[in-house]
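> Pasting a predicted model and its sequence here:
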Amino acid sequence: MSPRYSVLGLEKLKDELLKIMNTGFLSAKDAAAPDTPSVARSAPAREDDDLIRTAAKMTRDLNNPRPSIYWIDFLTSVFAGYAFLLLTIFASHIAVAIGSSVISIIALYRAGSFIHELTHIRRQAVPGFHFAWNALFGVPMLIPSFMYEGIHSIHHRTKKYGTAEDPEYLPLALMKPWTVPLFVVAASLAPIALLFRYAILSPLSLFIPPLRKLVVERYSGLVINPDFRRKPAEGDLRKRWIACEIAASIWAIGLLGMVAMGIVPVRAFVIFLIIMSGSVVLNQIRTLVAHLWENDGKEMTVTQQYLDSVNVPPPATLPALWAPVGLRYHALHHLLPGLPYHALGEAHRRISDALPSDSSYSKGNHTGLWVLVSGLIRGSRRQDIA
């Protein structure tokens, strides 16, 4: 995987945007089993087995999602986000507008982060939640869940993680230093790109088959690997994709039409785009530190995948804002992706208590955002010098 970015013009950057945008499970059985029978297990395989076995043993009673937590958390976040968005639009004082916009960005970012949970929980485990998330957030914010479902699961496949076939991996620590800020700057253009995708490309692609192929392969997934090409969805996912895409297109066209006719003031529209952009940028910054991004495309053991991922556990407090809905335990999530987000804190405590302080598990813990970001930048600079 040797992605190349161009900064020669806005058009090219826009084309790359959706490819850059940050969310099969890796079960203990899949991860621990060797590809071929062997009498003598290798040391890495034994290490994988020990880590997974301990983690699974300590968390067996934590696997069931609690619907009340999902509903209360999501509904509180999404309605707070929209309420403070309206306050920002109608605020007459600049200080009130700035303060309410920050709260709106954080709340909508938290609400949007539930798209990661949608890909992991069974639909019947929290009835109606997938539909409600799309109706209240996914479609209005032009990020319906089909853009993540069917893609994120590839990132969790043992033999796909960190390789050229992983849609959610770039070796950022091994790339040029300027790719790190570009990774974030490109995300700020997401609202414009998404409006263009749903208001223009979606309707046109119904009548232009080659364009439809392009839209499906390159502009229908929240991926960061620009070489990834999505395959058309099948079965129930295809039905949900079509329904959500139609709804998002109607909303995008209607919104632009209302702005053009003066029904929606330009000021309100611009504030909406800014807050939407802020939430996407916040997620992109969090994505920067979800992994160490040090793999060069080779297959990795489960332990190596865990150590390339990041936990930012307590006593750090700010990760509750910039890595919400369990994302502060991203390394643990890669070890046990079936655990609901509300169980990860307790799972982390139990596993930490069960394993020695110098275990592989403890090496996945990090102290904070800026330490991780600065480490990533230093790593890319070292590669640039080399």
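Arrived safely, thanks for sending.

> Give me the phi and psi for residue 311.
The phi/psi pair for residue 311 (degrees, to the nearest 10) reads phi -110, psi 140.

> doesn't residue 365 make contact with it?
Yes. If you go by CB atoms under 8 Å, residue 311 and residue 365 touch, sitting 4.8 Å apart. For the C-beta atoms, the positions are set from N, CA and C on the backbone; glycine is no exception.

> neighbour-wise, which of these two wins?
residue 311 (25 against 16; other CB atoms under 10 Å).

> any idea how far residue 229 is from that one?
If you measure residue 311 against residue 229 using CB to CB, to the nearest Å, the figure is 32 Å.

> ok, which stretches of the stretch 51-200 of the chain are strands?
With DSSP state E, counting those that start in this stretch as the criterion, the stretch 51-200 of the chain has no strands.

> what about residue 136, how many neighbours?
Residue 136, neighbours per other CB under 10 Å, totals 17.

> didn't it look like it was pressed against residue 76?
No. The pair residue 136 and residue 76 fails to qualify as a contact (CB under 8 Å) at a distance of 11.8 Å.

> burial count for residue 265?
Neighbours around residue 265, by other CB under 10 Å: 12.

> and it, how far is that from residue 272?
Separation of residue 265 from residue 272 (CB to CB): 10 Å.

> Please, where are all the helices along the stretch 101-250 of the chain?
Under the criterion DSSP state H, counting those that start in this stretch, the stretch 101-250 of the chain contains helices at 129-133, 152-155, 179-188, 190-196, 202-205, 209-218, 235-260.

> In CSV, list the ones you listed along with mean pLDDT and distance to residue 290.
CSV is the format used below for the helices of the stretch 101-250 of the chain (pLDDT from 0 to 100; distance: least, CB to CB, whole Å):
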stretch, mean pLDDT, distance to residue 290
helix 129-133, 98, 21
helix 152-155, 95, 10
helix 179-188, 91, 12
helix 190-196, 97, 18
helix 202-205, 97, 29
helix 209-218, 97, 22
helix 235-260, 97, 24
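
> need those helices in JSON lines with mean neighbour count and distance to residue 327, can you?
Putting the helices of the stretch 101-250 of the chain into JSON lines (neighbours: other CB atoms under 10 Å; distance: least, CB to CB, whole Å) gives the following:
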{"stretch": "helix 129-133", "mean neighbour count": "19", "distance to residue 327": "16"}
{"stretch": "helix 152-155", "mean neighbour count": "20", "distance to residue 327": "13"}
{"stretch": "helix 179-188", "mean neighbour count": "18", "distance to residue 327": "16"}
{"stretch": "helix 190-196", "mean neighbour count": "20", "distance to residue 327": "18"}
{"stretch": "helix 202-205", "mean neighbour count": "17", "distance to residue 327": "29"}
{"stretch": "helix 209-218", "mean neighbour count": "14", "distance to residue 327": "26"}
{"stretch": "helix 235-260", "mean neighbour count": "16", "distance to residue 327": "23"}
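
> would you turn those helices into a markdown table with distance to residue 111?
Output for those, formatted as a markdown table (distance: least, CB to CB, whole Å):
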| stretch | distance to residue 111 |
| --- | --- |
| helix 129-133 | 8 |
| helix 152-155 | 18 |
| helix 179-188 | 17 |
| helix 190-196 | 16 |
| helix 202-205 | 23 |
| helix 209-218 | 26 |
| helix 235-260 | 16 |
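
> do you know which of the ones you listed lies nearest residue 141?
Closest of these to residue 141 is helix 190-196, at 8.3 Å (criterion: CB to CB).

> With only the CA atoms kept, save that closest one in CSV.
Taking Å, rounded to 0.1, in the frame of the first residue of the first chain, the C-alpha atoms of helix 190-196 are listed here in CSV:
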residue,chain,number,x,y,z
ALA,A,190,-16.5,16.7,4.5
PRO,A,191,-19.8,18.7,4.6
ILE,A,192,-19.2,20.1,1.1
ALA,A,193,-18.1,16.7,-0.2
LEU,A,194,-21.1,14.9,1.3
LEU,A,195,-23.5,17.5,-0.1
PHE,A,196,-22.0,17.0,-3.5
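
> Report pLDDT for residue 328.
pLDDT for residue 328: 97.

> That one and residue 74: what is the separation?
Using CB to CB, residue 328 is found at 18 Å from residue 74.

> Kindly report the same for residue 173.
For residue 173 relative to residue 74 (CB to CB), the value is 33 Å.

> what do you get for residue 350?
Using CB to CB, residue 350 is found at 26 Å from residue 74.

> Tell me where the chain is predicted with low confidence.
1-48, 379-386 (pLDDT under 70).

> Give the full set of residues in contact with the nearest residue to residue 69 once chain neighbours are set aside.
Ranked by CB to CB, 6 or more residues apart in numbering and with sequence neighbours excluded, the top spatial neighbour of residue 69 is residue 342, at 4.8 Å. By CB atoms under 8 Å, 6 or more residues apart in numbering, the contact list for residue 342 reads 65, 66, 69, 70, 73, 326.

> Of those, just say which sits nearest to residue 206.
residue 70 (34.6 Å).

> And that closest one, how far from residue 113?
Residue 70 is 12 Å from residue 113, by CB to CB.

> same question, residue 153
According to CB to CB, residue 153 stands 17 Å off from residue 113.

> ditto for residue 278
14 Å.

> of the two, who's got more company?
The neighbour count for residue 278 versus residue 113, taken as other CB under 10 Å, is higher for residue 113 (23 against 19).

> out of everything not next to it in sequence, what's closest to the more buried one?
Nearest non-adjacent residue to residue 113, counting by CB to CB, 6+ apart: residue 325, 4.1 Å away.

> what do you get for residue 103?
residue 84 (4.5 Å).

> surely residue 180 meets residue 378?
No. Residue 180 lies out of contact with residue 378 (CB under 8 Å); the separation is 10.5 Å.

> one step back: I'd like to know which of the contacts of residue 342 are buried.
Listed as buried from the contacts of residue 342 are 65, 70, 73, 326; burial here means 16 or more other CB atoms under 10 Å.
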